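Asker: I would like the atomic coordinates for the input below:
(2 chains)
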Amino acid sequence: MSPAFTIQSAGLTKRFGSFIAVDAVSFSVEAGEVFGFLGANGAGKTTAIRMFCGLLEPTSGSGQVAGFDIMKESGRIRTRIGYMSQKFSLYPDLTVRDNLFLFGSIYGIKGELLRSRTDEMVAFLEMSNLLPRVTGTLPWGWQQRLSLACANLHHPPILFLDEPTGSVDPVSRQTFWNFILALSRQGTTIFITTHHMDEAEYCRRISIMVSGRIAAIDTPAQLKKKYAAATLQDAFIRIVQPAAEGTAP
Amino acid sequence: MGDAATATGLGRNFADVVALDNVSLVVPEGKLFGLIGADGAGKSTLLRILVTLIRADRGTARVLGYDVAAEFGAIRRLVGYMPQKFSLYGDLSVRENLLFFAEVFGVAGADRRTRMEQLLHFSRLAEFQHRRAAKLSGGMKQKLALSCCLIHTPRLLLLDEPTTGVDPVSRLEFWQILDDLKKQGITVIVSTPYMDEAVKCDHLLLLHRGAARRQGTPADLLAAYPLDLYKVTSPDGAVGMPPAGTPLPPGVSLMYQAAGELRLAGVVTIPAGTLLGHIRRSLPGAAAIERTKPTIEDLLFYELSDREAP
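Answerer: This next block holds a predicted model:
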């Protein structure tokens, strides 16, 4: 059974003491969609992602990922998602091959399957010749490519990518997006955060989070139209700025 | 006005890797000077040499009139440097972090009081001065780091990707602050992966594989863009890319996506309509084609097109 909506939330809320990090967030992501989860620094994006990945328990509300309840079935969810972030630590002293083997075994892939998945992933990401290289000696953009490979070894139907292209140069970012879009064409749902508004143009839909709430959600074309903005960057600024003034983050 | 920094033939190796290769530059005083290029192009190495944290293997550089090799003590008192990972003390408040850096740089007494009030006001952090640094948002942390670098009133500020991971609204605010600093006569050298920030600089240096490929005002750099450039768009959003292995249309040497558009660059002799016809064979959604002016990002795609795998 494959649900039409693969990520869903209703009234999802997380409080830390008196601070409401995520405030009654309700939305749905379709299976196979590239969904851009945008917002200002400190708007609550990472907190929301951590709840979807089963790493943090919501205070109230509900959510499903890949058809499973984020409160009760987080173990099942974890085998069906891949996760990478800007801060995600590969082991810099290990070779590319050893990092892949390590992350594969963490996801329970072994033996012949692990070898064939590793080969498949490095061929797809055009980094087969880098297998013996020490990870920490690669340029940052290539380390991020390796992170994507590690997150995708177990063929998850959903990939959560939390700022994967921070500090990556424009040319490497474009290559990275070509891979993301190729994965999407193969049916993988992509849930991605970024501060690069040019990247948001490749998302089918984007949401913009402000102070724990979803302030806007639509296709890039519709958002630009609605906010009379030439670029998504202008639309983003129009949505975020009035809310940011007067409220302490 | 003189030059805040000059360098001739700078080079630096790390083991057998040439990180910086024969780089010469002139940074005029009171200007915003931007460093752009791929990851690993040598931007951070160049900044570290100018702030005297590492030595060049080859070449010479002068910062605010002092030699980076012989007179590093003088330079360190006059420059502010914000590395990519600036260490704030998370357990200390905004105010306490500023006090700490004032202590390190020997700023004391009435000077310190005045300077701290100025910086808290100017960075718009005054109302958060008692908040612990760990509790600040990403944009506010970067503003605090910048303020800490300014506590000793440097004449030259060197910033290594200060807005990485910062949202678009906070980036805008950060660059307004840089503009204010410029108005106060402070020279700023800043590296950035954001091309919308690069165009705000007075001068740019484009580094590639450790070498200076282009140097000049953004307008100079764009005027020297050598190719014909077209953009292909679709009313429904991102156009997409032709599948891997699709041959490039006649005359086109570069094809890439930028903000949802498909960009074609090359020495094109066929009419635009024919060019669009070629693209539509593999991308039926491509609706319109138009000759367009290059951006700094287009220049970067051109300069980096000979990049190999590491």
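
Asker: okay, helices next: where are they in chain B?
Answerer: B:43-50, B:72-78, B:94-104, B:109-122, B:138-149, B:168-183, B:195-198, B:218-223, B:272-282, B:296-303 (DSSP state H).

Asker: do stretch A:46-53 and chain B come into contact?
Answerer: No - using CB under 8 Å from any CB of the partner chain, stretch A:46-53 stays clear of chain B, with a minimum separation of 10.4 Å. C-betas here are computed from N, CA, C, even on glycine.

Asker: what's next to that stretch, contact-wise?
Answerer: Stretch A:46-53 is contacted from outside by A:7, A:9, A:12, A:14, A:21-22, A:25, A:37, A:56-58, A:63, A:65, A:70, A:74, A:77-78, A:81, A:83, A:160, A:162, A:191, A:193, A:209, using CB atoms under 8 Å, 6 or more residues apart in numbering or on different chains.

Asker: in helices only, show me those residues.
Answerer: Taking DSSP H as the definition of helices, these contribute A:74, A:77-78.

Asker: out of the helices and strands in chain A, which is least certain?
Answerer: Using mean pLDDT, DSSP states H and E, helix A:232-244 stands out as the lowest-scoring helix or strand of chain A, at a mean of 85.

Asker: how far off centre is that one?
Answerer: Relative to its chain's centre, helix A:232-244 lies at 22 Å (CA atoms, centre = their mean, to the nearest Å).

Asker: how close does residue B:29 sit to residue B:168?
Answerer: To residue B:168, residue B:29 is 30 Å away according to CB to CB, to the nearest Å.

Asker: for the two, indicate the residue with more neighbours.
Answerer: residue B:168 (23 against 15; other CB atoms under 10 Å in any protein chain shown).

Asker: in contact with that one, which residues?
Answerer: If you count contacts by CB under 8 Å, 6+ apart, then residue B:168 has A:195, A:197, A:233, A:236-237, A:240 around it.

Asker: kindly report the same for residue A:146.
Answerer: Counting by CB under 8 Å, 6+ apart, residue A:146 makes contact with A:90, A:96, A:99-100, A:125, A:127, A:130, A:135, A:138.

Asker: just the buried members of the contacts of residue B:168?
Answerer: A:195, A:197, A:233, A:236-237, A:240 (16 or more other CB atoms under 10 Å in any protein chain shown).

Asker: export those residues to CSV and tack on distance to chain B?
Answerer: Below are the buried ones among the contacts of residue B:168 laid out as CSV (distance: CB to the nearest CB, whole Å):
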residue, distance to chain B
A:195, 5
A:197, 6
A:233, 5
A:236, 5
A:237, 6
A:240, 5
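
Asker: before we move on, back to that, between the contacts of residue A:146, which is nearest chain B?
Answerer: Using CB to the nearest CB, residue A:138 comes nearest to chain B of the contacts of residue A:146, at 5.7 Å.

Asker: so how many other residues sit close to the closest one?
Answerer: That count, for residue A:138 with other CB under 10 Å as the rule, works out to 22.

Asker: picking up where we left off before, who wins on neighbours among the ones in helices among the contacts of stretch A:46-53?
Answerer: residue A:77 (21 neighbours).

Asker: where's that one relative to residue B:215, distance?
Answerer: Relative to residue B:215, residue A:77 is positioned 51 Å away (CB to CB).

Asker: where does the chain have low pLDDT?
Answerer: This is for chain A. A:1-3, A:88, A:243-249 (pLDDT under 70).

Asker: the intended chain is chain B.
Answerer: Along chain B, the parts satisfying pLDDT under 70 run over B:1, B:307-310.

Asker: quick one, domains of it?
Answerer: B:3-222, B:226-293 (automatic domain parsing).

Asker: quick revisit: now the contacts of residue A:146 as CSV including distance to chain B?
Answerer: Shown next, in CSV, are the contacts of residue A:146 (distance: CB to the nearest CB, whole Å):
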residue, distance to chain B
A:90, 15
A:96, 11
A:99, 15
A:100, 17
A:125, 11
A:127, 7
A:130, 7
A:135, 11
A:138, 6
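
Asker: mark which of these are buried, thanks.
Answerer: For the contacts of residue A:146, a neighbour count by 16+ other CB under 10 Å gives the buried set as A:90, A:96, A:99-100, A:125, A:127, A:130, A:135, A:138.

Asker: now do the phi/psi pair for the closest residue to chain A within the stretch 151-300 of chain B.
Answerer: With CB to the nearest CB, the shortest gap between the stretch 151-300 of chain B and chain A falls at residue B:260, namely 3.2 Å. Main-chain dihedrals, residue B:260, degrees, to the nearest 10: phi 90, psi -10.

Asker: ditto for the one 10 residues further on
Answerer: Torsion angles at residue B:270 (phi, psi; degrees, to the nearest 10) stand at phi -90, psi 160.

Asker: so it makes contact with residue B:251?
Answerer: Yes - in this structure residue B:270 lies within contact range of residue B:251 using CB atoms under 8 Å: 6.5 Å.

Asker: how about stretch A:146-157 as CSV, C-alpha atoms only?
Answerer: The C-alpha trace of stretch A:146-157 is given here as CSV (Å, rounded to 0.1, in the frame of the first residue of the first chain):
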residue,chain,number,x,y,z
LEU,A,146,29.0,11.2,-0.1
SER,A,147,26.5,12.1,2.7
LEU,A,148,23.7,11.9,0.1
ALA,A,149,25.0,8.4,-0.9
CYS,A,150,25.1,7.3,2.7
ALA,A,151,21.5,8.5,3.3
ASN,A,152,20.3,6.7,0.3
LEU,A,153,22.0,3.3,0.5
HIS,A,154,19.0,1.5,2.0
HIS,A,155,16.8,2.9,-0.9
PRO,A,156,14.4,4.9,1.4
PRO,A,157,11.2,6.1,-0.2
